[in-house]
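**Q** Below is the sequence, then the predicted model.
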Amino acid sequence: MDLTKSIFARYRHAQLLVALMLLLIADPFLSGYLGMMLLDVFLLITLLSAIVACANTRRRLVIGMSLATVMLAAMLLRAARGVETANIAVSLLAICFFGYVIALVLGSVFRDSRSVSLDTICGGLAVYLLLGILWAFMFALLEGSAPNSFSGVEQGAVINYKWFYGF
C-alpha cells in the first residue's frame, strides 16, 4: 500500500493531534483502575497515530513500531505485575519514542510543506503537545528514579502521574 496516496497520509498530523487531545482531555476525568486502563488505551491510540504520522518510509515504520512495541510490553508488565522498575522503563521508552516522533513530525512539517496547510498547522500543534508529554515523562522519570526530587511543593499540589506510573 502506498502510504502517500492514502487518506491517512493526507491528514496524518491532524489525526495525531486528535489522538493527543483525546489523551490529554480524558486524563483529568478518569480515575481508578478502569480509568488507568482507559488512559493506557488512549496512549496506545496516540502511539499508533504517531507511527502513522511518521511512517512515510519502511525504516521509520520499523523503528517506530519497535519502540512502541517495547513500550507497550513494559506497560503491560507494569499493569500485570506492578513491577516498580517497569515504571522507569516505561518512562525511558516513552522519552525515546516521543523524542523520535517529535523529530520526525518537525522534519515533516518543515521539509514536506511547501505551503501552509491545515495539516501543517496540526503538525505544529501536535509537536507542541508532544513536547509537553515528553517533559512530563522526563519529570516522571526523575521523580521515579530519585523520589522526593521536587522540593517546595505542597503536599496537596503534587502532580498525579496516574498514566505514567499506574498509581
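**A** Okay, I see it. Residues are numbered from 1 along each chain as shown.
**Q** Point out where this structure drops to low pLDDT.
**A** 1-9, 82-84, 112-113, 152-167 (pLDDT under 70).
**Q** all helices of it, in order?
**A** Along the chain, counting by DSSP state H, helices occupy 7-10, 12-26, 32-54, 58-81, 84-112, 118-145, 162-165.
**Q** Which secondary structure elements does the fifth one sit against?
**A** In other words, helix 84-112. Counting by 3 or more C-beta pairs under 8 Å, 6 or more residues apart in numbering; DSSP states H and E, the packing neighbours recorded for helix 84-112 are helix 12-26, helix 32-54, helix 58-81, helix 118-145, helix 162-165. To be clear about C-beta, it is placed using only N, CA and C from the backbone, and glycine gets the same treatment.
**Q** what's the closest of these to I95?
**A** Smallest distance to I95 across the helices and strands packed on helix 84-112 (C-beta to C-beta): 5.2 Å, for helix 118-145.
**Q** Which parts of the closest one count as buried, going by neighbours?
**A** Residues of helix 118-145 classed as buried: 119-120, 122-127, 129-130, 133-134, 136-141, 143-144 (neighbour count, 16 or more other C-beta atoms under 10 Å).
**Q** what's the answer for stretch 40-59, then?
**A** Buried positions in stretch 40-59, judged by neighbour count with 16+ other C-beta under 10 Å: 40, 42-56.
**Q** if I look at the nearest residue to L38 once chain neighbours are set aside, how far off is L43?
**A** The shortest distance from L38 to any non-neighbouring residue, by C-beta to C-beta, 6 or more residues apart in numbering, is to L30 (5.4 Å). When C-beta to C-beta, to the nearest Å is the yardstick, L30 and L43 sit 12 Å from each other.
**Q** next one: D119
**A** In this structure, D119 and L43 are 23 Å apart, going by C-beta to C-beta.
**Q** Would you mind listing the outside residues contacting stretch 10-25?
**A** Contact with stretch 10-25 is made by 8, 39, 42-43, 45-46, 48-50, 52-53, 105, 108-109, 118-120, 122-123, 125-126, 129-130, 133, as judged by C-beta atoms under 8 Å, 6 or more residues apart in numbering.
**Q** could you redo the last one with a cut-off of 7 Å?
**A** Stretch 10-25 is contacted by residues 8, 42-43, 45-46, 49-50, 52-53, 105, 118-119, 122-123, 125-126, 129-130 when judged by C-beta atoms under 7 Å, 6 or more residues apart in numbering.
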